[in-house]
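Enquirer: let's see this in three dimensions:
(2 chains)
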2 protein chains.
Amino acid sequence: MARRKPNPAERRRELCDAAIALLAIDGAKGLSHLKVDRKAAVADGTTSFYFRTRSALLRGVAERLAELDLANLQSVADSAGAVHSSPSQLSVMVIQSGIEPRLSLTKARYELTMHATRDPKLAAILQQSTDAFAKLHRDILVRLMPHGADLEPAVVADLSNVTLTFINGLLLRFAHGDRIITSPEQLDDILSAIATGILKSSKKGRLT
Amino acid sequence: MARRKPNPAERRRELCDAAIALLAIDGAKGLSHLKVDRKAAVADGTTSFYFRTRSALLRGVAERLAELDLANLQSVADSAGAVHSSPSQLSVMVIQSGIEPRLSLTKARYELTMHATRDPKLAAILQQSTDAFAKLHRDILVRLMPHGADLEPAVVADLSNVTLTFINGLLLRFAHGDRIITSPEQLDDILSAIATGILKSSKKGRLT
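Expert: All right, here's what the predicted structure looks like:
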């Protein structure tokens, strides 16, 4: 029985998923329309049909990454009632970004981010995921902190900026295979240690 | 008057500096032997003569970056007597990595780091700089902390791991043009806030 022919939206997703896998393994250098065809096991020329240029392909991949990220963030937001669970959903999500299958997405995102400094449209697509993650991060932080809802906005901004920068550094180390933290419980301890220190200092004035 | 012909070591440095500038502006995709020739204003074919392959060129660049980094680290280490100066030499160095001329080195290093996951020899060269920076970072941290010399090795390891991961995240944001912190004084305040929190938590057990 022949496989049902996917509709165009499904086909684009399939091609983008193949491109993400290639980016994760071989980097941007290893990405070509033909390699995506072969990886996705479709007829030669299919990727070129759906994404005319290399830029179009990279933007398609960035949109697919944003879609996957948002679905993941949504599932974390949906478990908001359990936000005081230990470990936190935030830490579970970050630690999972260092393990397959999500590690490939993490690696692909860093490859695209390097490109985005030279492609404003690509940068704008990636920025959507970054903003959504920053918002969720801030919301979870506030709920995790004792009396979080009473914190001044400037203090919340300091807390988010510093912990998010730490998480950026951590994800980059994960992308390079450097797993300095392996459990969400560990990450929770570190984030709350950082938050304790920042809270103490923030009373003396804005940090970031 | 004709310019004195540089010796081979000088010529290699000159070509690598041109390659660093290209990496910073256009990324790895924008790097070719011919573009380095043009950027360095030397005869076509010169870069191919000194660096036969693309891998050889990337490794040459990594060695040049390591050389520049070590010179910079050395100048910080030499000012060890002034380590209690405010701002700290460590923070001055990190903030300078976000401003030209050093920002180009920061960008070039991230480009090479992405490649290094697929080139063990390149990874080994970059690791030298990483290790040297981690050692200096640890030494300065210990000297900056009150009673730093009396801290247990496990606590020092936690302090270094967490603050270094934060600095990694910060440098990555700098490389993308996101200057969330602009003064070394600010960075000192944040690092000591993080350290205060980590020290408090470290007493309950190892964090990283």
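Enquirer: report the contact partners of the residue of chain A at minimum distance from chain B.
Expert: Of the residues in chain A, the one nearest chain B is A:G197, at a distance of 2.7 Å by Cβ to the nearest Cβ. Quick note: C-beta positions are derived from backbone N, CA and C, even for glycine. Listed by Cβ atoms under 8 Å, 6 or more residues apart in numbering or on different chains, the contact partners of A:G197 are B:193-198, B:200.
Enquirer: of these, just the buried ones, PyMOL syntax please.
Expert: In PyMOL syntax, the buried subset of the contacts of A:G197 is picked out as below (16 or more other Cβ atoms under 10 Å in any protein chain shown):
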select buried, chain B and resi 193+194+195+196+197+198
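Enquirer: which of the contacts of A:G197 sits closest to B:T130?
Expert: B:I194 (20.0 Å; Cβ to Cβ).
Enquirer: run the contact check for stretch A:199-208 versus chain B.
Expert: Yes - contact of stretch A:199-208 with chain B (Cβ under 8 Å from any Cβ of the partner chain) involves A:200-202, A:207-208.
Enquirer: quick one: end-to-end distance for that stretch.
Expert: 13 Å (Cα to Cα, to the nearest Å).
Enquirer: need the contact partners of it.
Expert: By Cβ under 8 Å, 6+ apart, stretch A:199-208 touches A:145, A:154-155, A:157-159, A:161-162, A:198, B:180-181, B:186, B:189-190, B:192-193, B:196-197.
Enquirer: which among those count as buried?
Expert: Neighbour counting by 16+ other Cβ under 10 Å classes A:145, A:155, A:157-159, A:161-162, A:198, B:180-181, B:186, B:189-190, B:192-193, B:196-197 among these as buried.
Enquirer: list the buried ones in stretch A:146-155?
Expert: For stretch A:146-155, a neighbour-count test (16+ other Cβ under 10 Å) marks A:148, A:151, A:155 as buried.
Enquirer: end-to-end on it?
Expert: So stretch A:146-155: terminal residues 13 Å apart, Cα to Cα.
Enquirer: stretch A:19-32 now?
Expert: Using Cα to Cα, the two ends of stretch A:19-32 sit 8 Å apart.
Enquirer: and if you look at stretch A:46-57?
Expert: 12 Å.
Enquirer: who's in contact with that stretch?
Expert: Contacts of stretch A:46-57 (Cβ under 8 Å, 6+ apart): A:8, A:11-12, A:15, A:19, A:31, A:33-34, A:36-37, A:40, A:60, A:119, A:121-122.
Enquirer: elements contacting the strand or helix carrying A:L170?
Expert: Taking DSSP states H and E as the definition, one finds A:L170 inside helix A:153-175. Packing partners of helix A:153-175 (3 or more Cβ pairs under 8 Å, 6 or more residues apart in numbering or on different chains; DSSP states H and E): helix A:89-96, helix A:102-116, helix A:120-144, helix A:184-202, helix B:153-175, helix B:184-202.
Enquirer: before we move on, back to that, which of the residues of stretch A:199-208 next to chain B has the most neighbours?
Expert: Highest neighbour count within the residues of stretch A:199-208 next to chain B, by other Cβ atoms under 10 Å in any protein chain shown: A:S202, with 23 neighbours.
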